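Student: this one's sequence-less:
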């Protein structure tokens, strides 16, 4: 859709974009005014009204179980990412943030040498929350040594994974926390400049981050000699081009530089040659938001957090979530180790009346489907991988027994086809071919051999055969659907007997092929 439609109202267009984005992310508006927590959908007009009054339109203020859990026990040590929301709906001014231990982590970081901070984060094993799960401190250590020239830290806030809306909450409600995390990271890696590369549809988040940046400048928290230290760091916001591919860090960098958003060849990795050819680190919003609490509470505290459940070794907490046809869709900050069953049944209130769970995606559309047999797996990177999927963003999408896996898969593949950058042939041509096959199947016109063609696509568009991980990510839900729900695909195949015309055509084709082969050999 063009952003410059004639006769449109820009303000209304912005709101439509926001609400469309909300629907795409499977968020359901909730009204918990009754004792029975009866769910109702907010109209677009009601959502716009909430925007105008400064309140986010999502249900996240009104969850049956708040994101921070129990208000009485939500502290910097138990819910380090969201505990401030137990005191305020959103922390949007510097004074309020500082009254809640704001920038205390930065002060402690500035008392240490950059290498000490880097080693602490490495020892804490802060695994990337954008989906890859790589140790953030180890990622920082790959940067080239400082040489007096620019070095960049970029926050990847281009949250476009379907079913994922955790970073949006952190930016809309706790913008100063993200900025503090970026300043700590900038100190650790010696960054001189940075950018928050934010999804184009996240208009309110961008506005609040900009307001936070404007308030920091006169308070010595931006620019030169931050808090009278040697740290100097500039941090503008950059609105993205509304493209899923910009979630890939090198495509993001190309876009930031004003180029076409194509992934780059690696090596060199961004830590060696990133933005404008200079050393660059790209981290996710939630990853960076972990840094202040680690500086305040220490590495041992962070690594001990999963001991609450005792069945995970992944340090820290994570913003988990659940969407789909459950009773209470939302987000919750939990230590690693909670199972998918606990998140779906206890926090999300279970499936809606009359529905049973059929399948679930652990963390976005680009992860493998799992079934009810996998509900007791702990939600952490290694455990989910052991069951044949990836934790991804950690926001579960549930599929109920009434949903057709072929139609669902077609919907997912249309998304991935549309969001391909078109740079490499397997992705550019292979994804549309998959959509055509699934479209025919959905109409009941699938042909013998179509399932095998889909299986071939999952092999030919896999890792190592495409320029980046976009197409392999699209293949994960497809290959797992074929694995667990093959009979649904088989039921869409037209198994009629071949007609005389079909037989004649096949015989003609065989003769023509033989002629070509004979001519080549001759």
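Tutor: In hand now; what should we look at? Because the structure is predicted, anything quoted here is derived from the model rather than measured.
Student: tell me what the one helix or strand residue 416 maps to is packed against?
Tutor: Taking DSSP states H and E as the criterion, residue 416 maps to helix 405-419. The contact analysis (3 or more CB pairs under 8 Å, 6 or more residues apart in numbering; DSSP states H and E) places helix 405-419 against helix 425-442, helix 470-484, helix 486-490. C-beta here means a position set from N, CA and C on the backbone, and glycine is covered the same way.
Student: looking at those, which is buried most?
Tutor: Highest mean neighbour count among the helices and strands packed on helix 405-419 (mean count of other CB atoms under 10 Å): helix 470-484, with a mean of 22.
Student: one step back: among the helices and strands packed on helix 405-419, which is nearest residue 112?
Tutor: Across the helices and strands packed on helix 405-419, residue 112 has its closest neighbour in helix 470-484 (37.8 Å, CB to CB).
Student: and the angle from that closest one to helix 425-442?
Tutor: Calculated by axes from the mean of the first three to the mean of the last three CA atoms, to 10 degrees, helix 470-484 forms an angle of 30 degrees with helix 425-442.
Student: of the helices and strands packed on helix 405-419, which approaches residue 154 most closely?
Tutor: Across these, residue 154 has its closest neighbour in helix 470-484 (19.3 Å, CB to CB).
Student: from the chain's centre, how far out does the closest one sit?
Tutor: When distances are taken as CA atoms, centre = their mean, to the nearest Å, helix 470-484 is centred 17 Å away from the chain's centroid.
Student: all numbers from here: first residue = 184
Tutor: In the new count, where the first residue is 184, that last one comes out as helix 653-667.
Student: which other helices and strands contact that helix?
Tutor: Here helix 653-667 touches helix 588-602, helix 608-625, helix 633-643, going by 3+ CB pairs under 8 Å, 6+ apart.
Student: dump the helices and strands packed on helix 588-602 to JSON lines, plus mean pLDDT.
Tutor: JSON lines is the format used below for those (pLDDT from 0 to 100):
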{"stretch": "helix 608-625", "mean pLDDT": "93"}
{"stretch": "helix 653-667", "mean pLDDT": "94"}
{"stretch": "helix 669-673", "mean pLDDT": "94"}
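Student: nearest to residue 365 among those helices would be which one?
Tutor: Taking these one by one with CB to CB, helix 653-667 is closest: 26.6 Å.
Student: pull out the buried residues from the helix or strand containing residue 290.
Tutor: Assessed by DSSP H and E, residue 290 sits inside helix 287-293. In terms of neighbour count (16 or more other CB atoms under 10 Å), helix 287-293 has its buried residues at 287, 288, 289, 291, 292, 293.
Student: and for stretch 517-532?
Tutor: Across stretch 517-532, burial judged by 16+ other CB under 10 Å covers 517-528, 530-532.
Student: what is the most widely separated pair among those?
Tutor: Applying CB to CB across those, the maximum distance is between 519 and 532, 21.9 Å.
Student: follow-up on the earlier one: return the member of the buried residues of helix 287-293 nearest to residue 663.
Tutor: Nearest member of the buried residues of helix 287-293 to residue 663, counting by CB to CB, is residue 288, at 39.8 Å.
Student: re the thing from before, in strands, which of the buried residues of stretch 517-532 fall?
Tutor: 517, 518 (DSSP state E).
Student: before we move on, back to that, give me the next element, helix or strand, following the helix holding residue 290.
Tutor: Next helix or strand after helix 287-293 toward the C-terminus (DSSP H and E): helix 297-307.
Student: coming back round to it: nearest to residue 380, out of the helices and strands packed on helix 653-667?
Tutor: helix 588-602 (16.4 Å).
Student: got a list of contacts for that closest one?
Tutor: Contact partners of helix 588-602, identified using CB atoms under 8 Å, 6 or more residues apart in numbering, comprise 343, 345, 426-428, 541-542, 548-549, 582, 614-615, 617-618, 621-622, 624-625, 653-654, 656-657, 660-661, 664, 668, 671-672, 675.
Student: if we go to 6 Å?
Tutor: If you take CB atoms under 6 Å, 6 or more residues apart in numbering as the criterion, helix 588-602 is touched by 427, 548, 614-615, 617-618, 621, 624-625, 657, 660-661, 664, 668, 671-672, 675.
Student: quick one: average confidence on that helix?
Tutor: In this model, helix 588-602 has a mean pLDDT of 94.
Student: what are the ranges of the helices in the stretch 284-433 of the chain?
Tutor: Applying DSSP state H, counting those that start in this stretch to the stretch 284-433 of the chain gives helices spanning 287-293, 297-307, 319-324, 349-356, 358-372, 386-399, 432-439.
Student: worst mean pLDDT among those?
Tutor: If you rank the helices of the stretch 284-433 of the chain by mean pLDDT, helix 386-399 sits at the bottom with a mean of 88.
Student: tally up the residues packed near residue 481, please.
Tutor: For residue 481, the neighbour count with other CB atoms under 10 Å is 14.
Student: wait, what's in contact with it?
Tutor: Residue 481 makes no contacts at all, as judged by CB under 6 Å, 6+ apart.
Student: what do you get for residue 560?
Tutor: Residue 560 neighbours (CB under 6 Å, 6+ apart): 566, 570.
Student: thinking again about what came up before, what is the helix holding residue 290 packed up against?
Tutor: Helices and strands touching helix 287-293, by 3 or more CB pairs under 6 Å, 6 or more residues apart in numbering; DSSP states H and E, are helix 358-372, helix 474-480.
Student: looking at those, which is buried most?
Tutor: Highest mean neighbour count of the helices and strands packed on helix 287-293: helix 358-372, a mean of 26 (counted as mean count of other CB under 10 Å).
Student: how far does it sit from the chain's center?
Tutor: Computed by CA atoms, centre = their mean, the chain-centroid distance of helix 358-372 equals 20 Å.
Student: please apply the same query to stretch 361-374.
Tutor: Relative to its parent chain, stretch 361-374 has a centroid offset of 21 Å by CA atoms, centre = their mean.
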